[in-house]
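Asker: Sequence first, predicted coordinates after that:
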Amino acid sequence: MDTFFQAGGWLMIPLVLSSLVAIAVILALFMNLKKSKVLPEGLAEKAQKLARSGKMTPGHIQQVRDGSLLGSVLAAGLATVGQPRHLMKESIEEAGRHAIHKMDKYMTTLGTIAAIAPLLGLLGTVVGMIVVFNQMLQAGGVGNPADLAGGISQALVTTAFGISIAVPALIFHRYFRGKINDFAVDMEKEAVKLLEIVNMPAPARRPAESAKAKRPPMPRAKATAGGLA
């Protein structure tokens, strides 16, 4: 292994650091994008029941907000109950943008590693070939092949190592991107449901009840000394 890294030259240092950062980012994304932390089961139903009950307190809203990204979005809607629909919608949309930003926290780093790792490997290839040609020029020809082995090995090792970093980094980047998009769609659906429940008009009374309410009261009979008039 030491011979492998020595053959790659100084460019192996940024490549190894990139691989370590990629591993750390992948593990962090697996932890942060658990479904229990983003879309816990039963939370949307709890928020909808609170919206229907009309008996919300700041403590109830805080319970919905704590512990998940969906909770922060739904809590933003519950906190604006009673205000105009457009204000509630704006509050939910702003909370949704913040939630997506949190899910995207490490995606830029992972995408950058997937992009620069093969470029670093290509740079190693170029540097290795420069070393080979310089040795050929100094020898006045091909010379001793053993003297050229160092530059050739640097060219091959850095390229292989850069590609071996970039491929899994790109795969996990695409995987997490799809997962974030799915979470965003599910969060939007739950937010729309809550918005419709809060702004649902009161149920109209039945026609019979309405007619009964509009019916004028019957006149009372007047009592007289001789009986009913």
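Answerer: Yep, that arrived. Numbers count the residues shown, from 1 in each chain.
Asker: any idea how far Gly42 lies from Gly71?
Answerer: Between Gly42 and Gly71 the distance, using Cβ to Cβ, to the nearest Å, works out to 11 Å. Heads up, the C-betas are built off the backbone N, CA and C, glycines and all.
Asker: Give me the more crowded residue out of the two.
Answerer: A side-by-side neighbour count of Gly42 and Gly71, using other Cβ atoms under 10 Å, places Gly71 first with 26 against 7.
Asker: is it true that that one touches Val64?
Answerer: Yes - between Gly71 and Val64 a contact is recorded at 5.0 Å, counting by Cβ atoms under 8 Å.
Asker: Quick check: neighbours shared by those two?
Answerer: Listed as contacting both Gly71 and Val64 by Cβ atoms under 8 Å, 6 or more residues apart in numbering are 43, 47.
Asker: Could I get the average pLDDT for the helix or strand hosting Ala22?
Answerer: In the assignment (DSSP states H and E), Ala22 maps to helix 12-32. What helix 12-32 shows for mean pLDDT is 94.
Asker: Check stretch 107-123 too.
Answerer: The average pLDDT for stretch 107-123 rounds to 93.
Asker: What are the contacting residues of it?
Answerer: Under Cβ under 8 Å, 6+ apart, the answer for stretch 107-123 is 11, 14-15, 18-19, 21-22, 25-26, 29, 158-163, 165-166, 169-170, 172-173, 176-177, 180.
Asker: With only the CA atoms kept, save it in PDB.
Answerer: Listed next in PDB are the C-alpha coordinates belonging to stretch 107-123 (Å, rounded to 0.1, in the frame of the first residue of the first chain):
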ATOM      1  CA  MET A 107     -24.900  17.700  -1.300                       C
ATOM      2  CA  THR A 108     -22.700  20.500  -2.800                       C
ATOM      3  CA  THR A 109     -19.600  19.000  -1.100                       C
ATOM      4  CA  LEU A 110     -20.300  15.500  -2.400                       C
ATOM      5  CA  GLY A 111     -21.000  16.800  -5.900                       C
ATOM      6  CA  THR A 112     -17.800  18.800  -5.900                       C
ATOM      7  CA  ILE A 113     -15.700  15.700  -4.900                       C
ATOM      8  CA  ALA A 114     -17.400  13.700  -7.700                       C
ATOM      9  CA  ALA A 115     -16.400  16.400 -10.200                       C
ATOM     10  CA  ILE A 116     -12.800  17.200  -9.100                       C
ATOM     11  CA  ALA A 117     -11.500  13.600  -8.200                       C
ATOM     12  CA  PRO A 118     -11.200  12.500 -11.900                       C
ATOM     13  CA  LEU A 119      -9.600  15.900 -12.700                       C
ATOM     14  CA  LEU A 120      -7.000  15.400 -10.000                       C
ATOM     15  CA  GLY A 121      -6.400  12.000 -11.500                       C
ATOM     16  CA  LEU A 122      -6.000  13.500 -14.900                       C
ATOM     17  CA  LEU A 123      -3.600  16.000 -13.500                       C
END
